[in-house]
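K.L.:
Any chance you can model this:
(2 chains)
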Amino acid sequence: MASRTKQKEEARARRLAEEQARSERERRARRLQMLGGVVIAAVVVVAVAIAISASGGGGAPPPNSPSARAAASAVTGLLTGVPQSGTTLGSPSAKVTVTEYGDLECPICRDFALGAENNLISGDVRSGKVKLVYRSLETATGNGPDPSVFGTQQAAAYAAGLQQHAWDYILLFYHEQGSEGTSYVTPSYLQGLAKQIPGLGYATWATDRTSPTLLAQVTADQQAAASKGFNSTPTIVVQGPKGQAQPIIGNTDYGTLESAIKSVS
Amino acid sequence: MSSSRVRTPGRTPGGGLRRVMIALAIIGLGVATYLTYVHYAGIKPACTAGQSCIKVQTSQWSKLDGIPVALLGLIGYIGILATLLAPDREEVRLATLGLTLIGFGFSAYLTYRELFSIHAVCEWCASSAVIMTLLLAGSVTRYLLGALRPWPDQPAEDPLAGRQEEPVLPA
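P.N.:
So this is what the prediction gives:
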């Protein structure tokens, strides 16, 4: 009798163990399925988000958008109190001149403007040690879908310079660049930049920007760059009482710029 | 048939980790809230790296189909925090894992864009990316801890309940 009971208990224990193992396998399989489903769903969501992000953009931010307003605020804050004359920023009596040959559509020029050049303006230019001059040199625009817009866009900045706001326009353009190689520089885009500059007479600017004199100035800048053998942007030339430093080609850091300034001071 | 409750001795697996993750999610929520405010206020974000932050915040990758990425991050952190504060269950931990995986994946993409397209790093965005990475590591750990150890307060099912016992043949 006792042996029979024991056999029953052993059989029951075996069945219990088998059922528990089966349940555990089923739970594990269900858990893996749920985990796999969540991972696949997450990957799909991220892939869709990346696809939307990569395909979107190309256009510049609308003039009244929060990002455009933030850019305008940053530019105004940087330049307030710094004298401007034409495309020259800073005191006319500054002993060192830093000349930037740039293309407003050039993203590397943008990197330079928002990096080392920003530090230069807030430090050396504001203190009167350096004056900054902008000259036009076509690079990125020429590789884009509409090279003929180069003169128009650069002249738009020069037109703002007739009202001592060239550098507002230049820096705002760099801040609000669209994607290189796209046709974002339209009359509407250029007008939108002008409207974001406090103190710029829009009607006067709109008339000035089509002036043949300003277009001729853009052409003259290009010829000057070519005569010096410059063909990349930005090209930065630093001149001072001790002569001219070796031109800096491409984006650079503020330390390198400072070294060049010290070498000619 | 009867079922009985099984109480696993000790604390909930990953309870301390959960508290750390809640703290991280709150910090991440703070960062996302600040960036969202900065975006809609049209002001420059506080930045120790010159113009890097505004360069990133005004780039074409700062929006997803017109929606500010900062706002999406804010919503994401709220979702993650909600799952961390919800009653601890396997499905909830899986939801945390899913949300942090999405957050990590998109943060990694945006960091790539910062480094190789924009050529500038926004320290706020970098902070959020680090937080999201830590949250993902934490959510994976919590999920695995829950999978390896029995969940507390789960009813113990008797797989043989209701079945007739098989007759044992005489020896």
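K.L.:
which residues of the stretch 151-265 of chain A fall in strands?
P.N.:
For the stretch 151-265 of chain A, the strands defined by DSSP state E, counting those that start in this stretch cover A:235-240, A:243-244, A:248-249.
K.L.:
Of those, which stretch is the most buried?
P.N.:
When the strands of the stretch 151-265 of chain A are scored by mean count of other C-beta atoms under 10 Å in any protein chain shown, the highest mean neighbour count falls to strand A:235-240 (a mean of 21). Backbone N, C-alpha and C define where each C-beta goes, glycine included.
K.L.:
Counting by contacts, list what that one packs against.
P.N.:
strand A:96-102, strand A:248-249, helix A:254-264 (3 or more C-beta pairs under 8 Å, 6 or more residues apart in numbering or on different chains; DSSP states H and E).
K.L.:
Touching it from outside, list them.
P.N.:
A:95-101, A:112, A:137, A:225, A:244-245, A:247-249, A:252, A:257, A:260-261, A:263-265 (C-beta atoms under 8 Å, 6 or more residues apart in numbering or on different chains).
K.L.:
elements contacting the strand or helix carrying A:Val46?
P.N.:
Using DSSP states H and E, A:Val46 sits in helix A:2-55. Helix A:2-55 is packed against strand B:63-64, helix B:90-113, with contacts defined by 3+ C-beta pairs under 8 Å, 6+ apart.
K.L.:
If we use 10 Å, what do you get?
P.N.:
Counting contacts by 3 or more C-beta pairs under 10 Å, 6 or more residues apart in numbering or on different chains; DSSP states H and E, helix A:2-55 packs against strand B:63-64, helix B:69-85, helix B:90-113, helix B:123-148.
K.L.:
Next one, pLDDT for the residue nearest the centre of chain B please.
P.N.:
With distances taken as C-alpha atoms, centre = their mean, chain B has B:Thr100 as the residue nearest its mean C-alpha position (3.5 Å). Confidence at B:Thr100, expressed as pLDDT, is 97.
K.L.:
how much space between it and chain A?
P.N.:
9 Å (C-beta to the nearest C-beta, to the nearest Å).
K.L.:
didn't that residue look like it was pressed against B:Thr83?
P.N.:
Yes. Assessed by C-beta atoms under 10 Å, B:Thr100 is found in contact with B:Thr83 at 9.1 Å.
K.L.:
what sits in contact with each of those two?
P.N.:
Counting by C-beta atoms under 10 Å, 6 or more residues apart in numbering or on different chains, the shared contacts of B:Thr100 and B:Thr83 are B:Met21, B:Ala25, B:Ser139.
K.L.:
Adding distance to chain A and neighbour count, write those residues out as a markdown table.
P.N.:
Formatted as a markdown table, the shared contacts of B:Thr100 and B:Thr83 follow (distance: C-beta to the nearest C-beta, whole Å; neighbours: other C-beta atoms under 10 Å in any protein chain shown):
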| residue | distance to chain A | neighbour count |
| --- | --- | --- |
| B:Met21 | 17 | 25 |
| B:Ala25 | 17 | 28 |
| B:Ser139 | 11 | 28 |
